[in-house]
Structures are given as structure tokens and as C-alpha cells.
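Enquirer: Provided below for reference: sequence and predicted model.
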Amino acid sequence: MADHILALDQGTTSTRAIIFDRDGRIVATAQREHRQSFPQPGWVEHDATEIWRNARNCIGLVLADAQLTPADIAAVGITNQRETTVCWDRKTGRPLHPAIVWQDTRTQGIVDRIAEHGGVDQFRERTGLPLNAYFTATKIAWLLENVEGLRERANAGEVLFGTVDTWLTWQLTGGPKGGVHVTDVTNASRSLLMRLDSCEWDAELLAAFGIPRASLPEIRSSSEVYGHCAEWTPIAGVPVAGILGDQQAATFGQAAFDEGEAKNTYGTGSFLVYGTGTEPVLSSHGLLTTVAYKLGDGATHYALEGSIAVTGSLVQWLRDNLGLISTSAEIEPLAASVDDNGGCYIVPAFSGLYAPWWRPDARGVIVGLTRYITKGHIARAALESTAFQSADVLEACNADADEPLTELRVDGGMTVNDALMQFQADVLGVPVVRPVITETTALGAAFAAGLAVGFWADLDALRALWREDRRFEPAMSPDERARLRREWRKAVSRSFDLA
Ligand SMILES: Nc1ncnc2c1ncn2[C@@H]1O[C@H](COP(=O)(O)OP(=O)(O)O)[C@@H](O)[C@H]1O
Ligand SMILES: O=P(O)(O)OC[C@H](O)CO
């Protein structure tokens, strides 16, 4: 009997395959990092072929490690870095350009051109999103305008576009030999091309970006059988039955299914998602409106999202670009070598600033430098910037929501850092709660796939699997909190108007 679900979590820095049992416990994990290319300032690319190879390898490795066969796997769930755009040849399955990653800002010129008539909020009511280089439509438009012959080939039906969920699902289900070309509502809600109310591609938006509809995937729910894995994959015959963008998957994996429930995920960037139930709510404070999930024929659930582009990747930057540390974990002792930030603040606006500011003209700054500042203070300021950015987003969320959040569920790679989680609780002034399974992104994709094939009965069965690991209570005085946040805001204002 198939007693396991396999989740494929394709993140910005790495790909993981994780096998879960019926209790939502991790049985085995395999992980592979992929190359990050920065060919020009503001450009970020991935090799989609490498990502597919890593996914295939991780699936094979995790099955071998768990000593399981495809017959033991009831379904596969896919979750992915969102917005990152792949375009490939329908016949050969070969990418026609490197994937343009969500953080990439090369499409600012397209944004400016379209914003000239109608401004950056012209599509907000229809899509929940501001016009920004972050979103998929701008990346597809750039490819069509800049890759020689691509528009003609797309118009002739020879080219497929998709986000990473679409690319992996197409490859897993057969590639050029019958692969299904689909995405789910959560990923499509990040495109600037999907109507929030009907969850369908919008003809006017397609026209505004010059994108032929036939090259786009079909929009499906987050939990249903899309197809079965091809015979040459390591999980031949297993149904692909769940797709969720990674932030929505983490929300689902935190069992935050209902209105008023929220989580914050700390990975490459950080993303606070706050459920608003079955009605989309438009933000007045710089948050995005996005689809949270849709199960089969059920109602569409929506959320407000505070997206922060750079948090964990600032730690990577200290490691890879400055050589201040040699592993991400080394930031912990370095930051602990000083008592406080010494007045130093880092605003990591590498891709401009996302929520709640939406300032493409911002660039990174380090302020408050004196001869006193050491690399310990820089490490500390880097970690603190994650907490300050999240506090700004939570404040916006509380301003939009009916009830303020009384605690924050957290997950993602950075949440192993206890000192950071304590500082986060301190600057938020509410408890931060970490679950036993911090791989909530993969767990959420497993939940969606498991529900589709009857592996788990319903949302209540999933709620019962959530378990708390540790609760960080705020311990900072309100005056100190207010002082630090004031200083931080000053630093943020210094990052504006630099691009
Ligand atoms: N001990 C730590 N303290 C702070 N940041 C860390 C620590 N360990 C890992 N990170 C950061 O966490 C991020 C990885 O988180 P993960 O959830 O795997 O990211 P993603 O899903 O975006 O690929 C990396 O950016 C890394 O620098
Ligand atoms: O890969 P992550 O976890 O940093 O998530 C990336 C987001 O989906 C971008 O919107």
C-alpha cells in the first residue's frame, strides 16, 4: 500500500525532494543547490535544465534513501519559487533562454513604458498586484521582445511559457511526449495576467503585455490529479496531484487555512501570508492580494501577502560577495560576538524594495558606520534587517486586517537561528511560534497532493498534524522597540532614489 507522499520543493537556492508519512513526518530528504547567475547588475538567472536534472536526481535519491519504490508513493506534490519564468521549445523540451528569476529587475523598462499610461496601480483591482518587475508577465514580455525569433515562434504555437511548477510538471508527465502544460491558481495569481475573481487569464492584460494565450499553461486548482509521471522518471506512474507556489504551500503546511491565520517564511526572501477567506481583500498599506489555495472544485481562498525580496540572500551575500563568513550558519556566532548593532543598519534593497514600500528606485545601503563598527556589527545588522523588514510588513498587515495578529507562525531556512527568532519577537511585540516541521513548504505541497488522492481526509485531519516546537516571547521594552524601529525607518529612507 502507498503510505507516503513525495513533495518536490523547487526553491530559489535549491531543490529538495522530501518523503512524508501519514503523520506528516519526514521520512527522507534529498537536496541539491543550483547555480545562480548574475550576468549584469540587476539580472538573476537560473538554468532550467539544471533545475529539472536536480529535481529528477533528488527524487531518485530520496526514494533510495527511504528504501521505497514508486508503488509506495500515493502522489507527488510540487511547490516552487514563484514568478521565475521559463520558456522552452514544445517539441524538444529545450529552454530557449535562461530562466529569469523573480528578483531580476531587467524588466523595469517595460514596467515604466506600461505605467506611463495608467500608472503602477492600474491592474491592482483585477490582479491584486502593482505593476512591478517582480511579476511573471513582465518577464515573458521581455523574452518576447528580446529573444530573436521568439515572438514569431510563440505565435506559431512552438513555444511554451511557464513558471517552475509548470516546467517541472510538464517534464515529469512526459515532456515532449504528452507532458501536461498546467499551472495552479496560486502561481497564476503572481503573473499580472490572471483575474482574481474568475481565476482565468484576462484578454486585456494579455494584450497589454503582448503575450499569446496559446503559449501559456492552463490554470487549474492546487489539489487535483494533473497527470501521471512518465515511465522514464524515477517515480513512473505516480500521480502529480498538488501544485502550490512556495509561499502559499508554506501557509498550507502551517495549517493556516482560515481567515485571520498567518505565517512568515524566512528563506532567500521572506513572505508573510495572511488568509482573508473566500473574498479577495485589496490592501491600502502596500500588501499584495493573492490566491491562497483552491482544492479541486472548491471555493478559491485568498490572502494578503507582504513580500520581502532579500533576507536569507543577504546572509549569502555576506558569505559569497564579501567573504565575511564561509557558511550561512557562521553568521550566528559572528553576530553574537557583539552586544548590539552599534548603530549600524543594512537595508538590502538589492532588487529595489518590495512590501510595504514598492520602491524600484531603492538600492542597498549600510548606514551608521563609525570606526567602532566591526564585522560582528555588520553580521548583526544583516540579521536584524530581516526582523525589521518583517515588522514593517506585519504592521501593514495589521492595518489592513480586521483583527491584529496576536502571534506569528514562522518557518524556512533562517528559523533555525534562535537569536534571530528572539529578536523578531522583540521587535514585533508578539510571540513567534516555530513548528516541529519547519519544512512547511514541502509539507504544504504534500498536503495538497494527499488531499487530492484521498490520502488525508480533509483539512481537519491536516490541522491535527501541526505541532509546536518553540515559542519566542517578546522581551524588549516598548521604548527600546520604538527607538530601534525609528532608526530602521530612517535607514530605509536613505535607500530611496538610488537606482
Ligand atoms: N543559521 C542561519 N542564520 C541565518 N540565515 C541562515 C542560517 N542558515 C541558513 N540561512 C539562510 O537561509 C536561507 C535558506 O533558506 P531556505 O528556506 O532553504 O531558502 P529557499 O527556499 O529560498 O531556497 C539562505 O539564504 C541562508 O543564507
Ligand atoms: O525560493 P523562496 O523560498 O525564497 O521563495 C521565492 C518566492 O516564491 C518568490 O516570490
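Expert: That came through fine. Ligands and ions are numbered 1, 2, ... in the order given.
Enquirer: Could you list the low-confidence segments of this protein?
Expert: For the chain, no stretch is flagged by pLDDT under 70.
Enquirer: which one's the longest helix in it?
Expert: Assignment by DSSP state H gives helix 375-400 as the longest helix of the chain.
Enquirer: Which element is encountered next along the chain beyond that helix?
Expert: Toward the C-terminal end, the helix or strand that comes next after helix 375-400 (DSSP states H and E) is strand 408-411.
Enquirer: pretty sure Val433 is in a helix, no?
Expert: No - assessed with DSSP: H, G, I helix; E, B strand; the rest coil, Val433 is strand; it does not lie in a helix.
Enquirer: looking at it, it is touching Arg471, isn't it?
Expert: Yes - Val433 is in contact with Arg471 according to C-beta atoms under 8 Å; the separation is 5.2 Å. Every C-beta, even on glycine, is put in place using the N, C-alpha and C of the backbone.
Enquirer: Around ligand 2, pick out the residues from the protein.
Expert: Proximity of the chain to ligand 2 (C-beta under 6 Å from any ligand atom) is limited to residues 11-12, 81-83, 102, 245-247, 267-269.
Enquirer: Just among these, which is most surrounded?
Expert: Of all those, Gly245 has the most neighbours under the rule other C-beta atoms under 10 Å, reaching 34 neighbours.
Enquirer: Contacts only, for that residue.
Expert: By C-beta atoms under 8 Å, 6 or more residues apart in numbering, the contact set of Gly245 is 79-80, 82, 163, 165, 184, 186-187, 189-190.
Enquirer: can you do 10 Å?
Expert: If a contact means C-beta atoms under 10 Å, 6 or more residues apart in numbering, then Gly245 has 79-83, 163-165, 183-190, 222, 251, 271, 273, 290-293, 441, 444-445 as its contacts.
Enquirer: same question, Ile308
Expert: Contacts for Ile308 (C-beta under 10 Å, 6+ apart) come out as 264, 266, 269-272, 348, 353-356, 385-386, 389-390, 392-393.
Enquirer: Which of the residues you listed are buried? Put it as a ChimeraX command.
Expert: Only the buried members of those enter the following ChimeraX selection, criterion being 16 or more other C-beta atoms under 10 Å:
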select :264,266,269,270,271,272,348,353,354,355,356,385,386,389,390,392,393
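Enquirer: Quick one: classify Gln31 as helix, strand or coil.
Expert: What three-state DSSP gives for Gln31 is strand.
Enquirer: my read: it touches Gly11, true?
Expert: Yes - Gln31 is within contact range of Gly11, at 9.5 Å (criterion: C-beta atoms under 10 Å).
Enquirer: Against ligand 2, how distant is Ala99?
Expert: Distance of Ala99 to ligand 2, computed by C-beta to the nearest ligand atom, to the nearest Å: 13 Å.
Enquirer: what about that residue, neighbour count?
Expert: Counted with other C-beta under 10 Å, the neighbours of Ala99 add up to 28.
Enquirer: Quick check, it in contact with Gln36.
Expert: No - the pair Ala99 / Gln36 is not scored as a contact, 11.1 Å apart, by C-beta under 10 Å.
Enquirer: Between those two, which contacts overlap?
Expert: Shared contacts of Ala99 and Gln36 (C-beta under 10 Å, 6+ apart): 44-46.
Enquirer: Among those residues, name the ones in strands.
Expert: The strands, defined by DSSP state E, take in 45-46 from those.
Enquirer: Which ones among the shared contacts of Ala99 and Gln36 also lie next to ligand 1?
Expert: Within the shared contacts of Ala99 and Gln36, nothing lies near ligand 1 by C-beta under 6 Å from any ligand atom.
Enquirer: so after the host helix or strand of Gly77, what's the next helix or strand?
Expert: Element membership for Gly77, per DSSP H and E: strand 73-80. Scanning forward in sequence from strand 73-80 by DSSP H and E, the next helix or strand is strand 86-89.
Enquirer: Count the neighbours of Asp297 for me.
Expert: 7.
Enquirer: ok, it touching Glu224?
Expert: Yes - the pair Asp297 / Glu224 is scored as a contact, 8.5 Å apart, by C-beta under 10 Å.
Enquirer: Quick check: Leu8 vs ligand 2, distance?
Expert: According to C-beta to the nearest ligand atom, Leu8 and ligand 2 sit 13 Å apart.
Enquirer: I meant Ala399, not that one.
Expert: In terms of C-beta to the nearest ligand atom, Ala399 sits 22 Å off from ligand 2.
Enquirer: List the contacts of that residue.
Expert: Ala399 touches 283-287, 356, counting by C-beta under 10 Å, 6+ apart.
Enquirer: what two of those residues have the greatest distance between them?
Expert: Spatial extent of the contacts of Ala399 (C-beta to C-beta) is set by the pair Ser284 and Pro356 at 10.3 Å.
Enquirer: Quickly list what's touching both of those two.
Expert: 396, 399-400.
Enquirer: Neighbours of Lys490, how many?
Expert: Residues near Lys490, counting by other C-beta under 10 Å: 12.
Enquirer: For the residue of the stretch 1-150 of the chain found nearest ligand 1, give me the backbone phi and psi.
Expert: Going by C-beta to the nearest ligand atom, ligand 1 is nearest to Gly11 of the stretch 1-150 of the chain, at 3.0 Å. Per-residue torsions, Gly11: phi -90, psi 180 (degrees, to the nearest 10).
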